[in-house]
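**Q** let me see the structure of the following:
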Amino acid sequence: MQSEYTNPRYVAYAASQGRSPSEQMAHDDIEYPGGIMTGFILWIPNAWREWAKDKKLSPEKVKQLRSNRASQEQHDDFDGWLREKYKGLR
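**A** You can find the predicted model right below:
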């Protein structure tokens, strides 16, 4: 059965919390009433920072990321990094 959660970044977020996507959604519904995606929104920039640190990016590249100007190559690398970090993700 295919998961209804197809965003691999959300799947990684849930895995980072030790939950399935469904479990994470239920948890965040209670944790953040009225803002069910708040946990993910708070998590994703931290994941980008951790990725940048692991990649030893220059301060200029990090600044680029902060202004939402990551290249497609960086997005692809970030997604690969998430898959590796949270093995088992497709």
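**Q** contact partners of the lowest-mean-pLDDT helix or strand in the chain?
**A** None of the helices or strands of the chain scores lower by mean pLDDT, DSSP states H and E than helix 59-66, at a mean of 79. Surrounding helix 59-66, the residues in contact under the criterion CB atoms under 8 Å, 6 or more residues apart in numbering are 48-49, 52, 57, 70, 74. The way it works is simple: take the backbone N, C-alpha and C, and place the C-beta from them, glycine included.
**Q** which of the residues you listed lies closest to S20?
**A** Set against S20, the nearest of the contacts of helix 59-66 by CB to CB is W48 (23.1 Å).
**Q** count of neighbours near that closest one?
**A** 18 (other CB atoms under 10 Å).
**Q** and for Y13?
**A** When neighbours are counted by other CB under 10 Å, Y13 registers 25.
**Q** got the contact list for it?
**A** 24, 39-40, 43-44, 47.
**Q** buried sites along the least confident helix or strand of the chain?
**A** 61, 64-65 (16 or more other CB atoms under 10 Å).
**Q** which helix or strand lies directly C-terminal to it?
**A** helix 72-85 (DSSP states H and E).
**Q** what's the angle from that next one to helix 59-66?
**A** Angle of helix 72-85 versus helix 59-66, following axes from the mean of the first three to the mean of the last three CA atoms, to 10 degrees, is 90 degrees.
**Q** helices or strands next to helix 72-85 in the packing?
**A** helix 8-16, helix 38-54 (3 or more CB pairs under 8 Å, 6 or more residues apart in numbering; DSSP states H and E).
**Q** pick the most buried one from those.
**A** helix 8-16 (a mean of 19; mean count of other CB atoms under 10 Å).
**Q** return the alpha-carbon coordinates of it using CSV.
**A** Only the C-alpha atoms of helix 8-16 are listed here, as CSV (Å, rounded to 0.1, in the frame of the first residue of the first chain):
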residue,chain,number,x,y,z
PRO,A,8,10.2,12.9,0.7
ARG,A,9,11.1,15.8,2.9
TYR,A,10,8.1,15.4,5.1
VAL,A,11,8.8,11.6,5.3
ALA,A,12,12.3,12.5,6.4
TYR,A,13,10.9,14.9,9.0
ALA,A,14,8.7,12.2,10.4
ALA,A,15,11.6,9.7,10.4
SER,A,16,13.8,12.3,12.2
